[in-house]
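Participant: I would like to see how this sequence folds:
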Amino acid sequence: ALTVRFLTRRFIGEYGDMEFIYSHNLTVDGREILFHIWDVPNSQEQAEEGSSEEKRIQWADSFVLVYSICDRASFNILPLKIQFIKAAKEGQSQEKVPIIIVGNKRDLHHQRVVSSEEGRLLALSLDCGFYEVS
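Facilitator: Modelled structure (predicted):
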């Protein structure tokens, strides 16, 4: 849903559990940038497909990892995913891989189980950016 919102400026409430690659042109600081976004939903099946996940990591230049502030499990898996990404990407070069952690569903504050502070502290401890969105 976050990817579709970024690409189309529309919100969809219902979406499938499918993997897609999107392409999108955007002007940033007067320069035309072509984004390729590999949108991968998190599921147990994909967690077991190590080679597929490694292929996606090698393909990407940066990462946005999204968790729901209403779902502790989606937050708890982030440290392992980030360590896996860093080991795969930074092991090849000395460059820091750009990773952003995004807490989603900020508008559902009454269902919040992960505090903003927890998200910020995790991002800080793992040297990642942090945002909360709705």
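
Participant: SS state for residue 123?
Facilitator: Judged by DSSP: H, G, I helix; E, B strand; the rest coil, the three-state class of residue 123 is helix.

Participant: wait, doesn't it sit right on residue 116?
Facilitator: No - using Cβ atoms under 8 Å, residue 123 is not in contact with residue 116, being 10.7 Å away. (Glycine included, C-beta is placed from N, CA and C.)

Participant: more neighbours: which of these two?
Facilitator: residue 123 (21 against 14; other Cβ atoms under 10 Å).

Participant: roughly how far apart are the more buried one and residue 100?
Facilitator: The gap separating residue 123 from residue 100 is 8 Å, by Cβ to Cβ, to the nearest Å.

Participant: now the common contact residues for these two.
Facilitator: Counting by Cβ atoms under 8 Å, 6 or more residues apart in numbering, the common neighbours of residue 123 and residue 100 are 129, 130.

Participant: what are the buried residues along the longest helix anywhere in the chain?
Facilitator: With secondary structure taken from DSSP state H, the chain has its longest helix at helix 78-90. For helix 78-90, a neighbour-count test (16 or more other Cβ atoms under 10 Å) marks 78, 81, 82, 85, 86, 88, 89 as buried.
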